[in-house]
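Peer 1: predicted structure and sequence below. I'll ask about it afterward.
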Amino acid sequence: MKTSYLILAVTLFFLVGIRVSMAQTPPGIPEINEGKILMAQNFRALSSAILVLGALFGLLGGLRIYNNWQMGRRNIDMEVAGWLGACIFLSVLGIFLSALYQVPIA
């Protein structure tokens, strides 16, 4: 009789412990989900801002390369490649962020 109460008590204690441990979420998951929701809401504005920055950097790079060309510096291939790479990076960044936060591009 005493052993059956002991078995019942241990079983109930075990079941309650499992239920409590299953109800808890790992730390930081709600914050990550909140950040994901905020990113999805502001993605279009962020995407437009990145494209505007890319256009500004492209114009600035074009003006700088033109100035160097007019000053007589003929070896500007590395500078052209660097500015072009920066513009391509900013264009690809929007696609990367949409994949990272699972936001549709269109």
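Peer 2: Perfect, thanks for sending it.
Peer 1: and the next element down the chain from the longest helix along the chain?
Peer 2: What stands out as the longest helix in the chain, according to DSSP state H, is helix 43-70. Next along the chain after helix 43-70, taking DSSP states H and E as the criterion, comes helix 77-100.
Peer 1: rewinding a little: same for the longest helix of the chain, what does it pack against?
Peer 2: helix 77-100 (3 or more CB pairs under 8 Å, 6 or more residues apart in numbering; DSSP states H and E). Yep, even glycine has a C-beta here, placed from its N, CA and C like the rest.
Peer 1: for the helix it packs on, output the C-alpha coordinates as PDB.
Peer 2: Below are the C-alpha coordinates for helix 77-100, written out as PDB (Å, rounded to 0.1, in the frame of the first residue of the first chain):
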ATOM      1  CA  ASP A  77      41.200  50.500 -63.200                       C
ATOM      2  CA  MET A  78      41.400  49.400 -59.500                       C
ATOM      3  CA  GLU A  79      39.300  52.400 -58.500                       C
ATOM      4  CA  VAL A  80      36.600  51.600 -61.100                       C
ATOM      5  CA  ALA A  81      36.500  48.000 -59.900                       C
ATOM      6  CA  GLY A  82      36.200  49.100 -56.300                       C
ATOM      7  CA  TRP A  83      33.300  51.500 -56.800                       C
ATOM      8  CA  LEU A  84      31.500  49.000 -59.100                       C
ATOM      9  CA  GLY A  85      31.900  46.300 -56.400                       C
ATOM     10  CA  ALA A  86      30.500  48.600 -53.800                       C
ATOM     11  CA  CYS A  87      27.400  49.300 -55.900                       C
ATOM     12  CA  ILE A  88      26.900  45.600 -56.700                       C
ATOM     13  CA  PHE A  89      27.300  44.800 -53.000                       C
ATOM     14  CA  LEU A  90      24.600  47.300 -52.000                       C
ATOM     15  CA  SER A  91      22.300  45.900 -54.700                       C
ATOM     16  CA  VAL A  92      22.800  42.300 -53.500                       C
ATOM     17  CA  LEU A  93      22.400  43.200 -49.800                       C
ATOM     18  CA  GLY A  94      18.600  43.700 -50.300                       C
ATOM     19  CA  ILE A  95      18.200  40.200 -51.700                       C
ATOM     20  CA  PHE A  96      20.300  38.800 -48.800                       C
ATOM     21  CA  LEU A  97      18.200  40.600 -46.200                       C
ATOM     22  CA  SER A  98      15.000  39.400 -47.700                       C
ATOM     23  CA  ALA A  99      16.300  35.800 -47.600                       C
ATOM     24  CA  LEU A 100      17.500  36.200 -44.100                       C
END
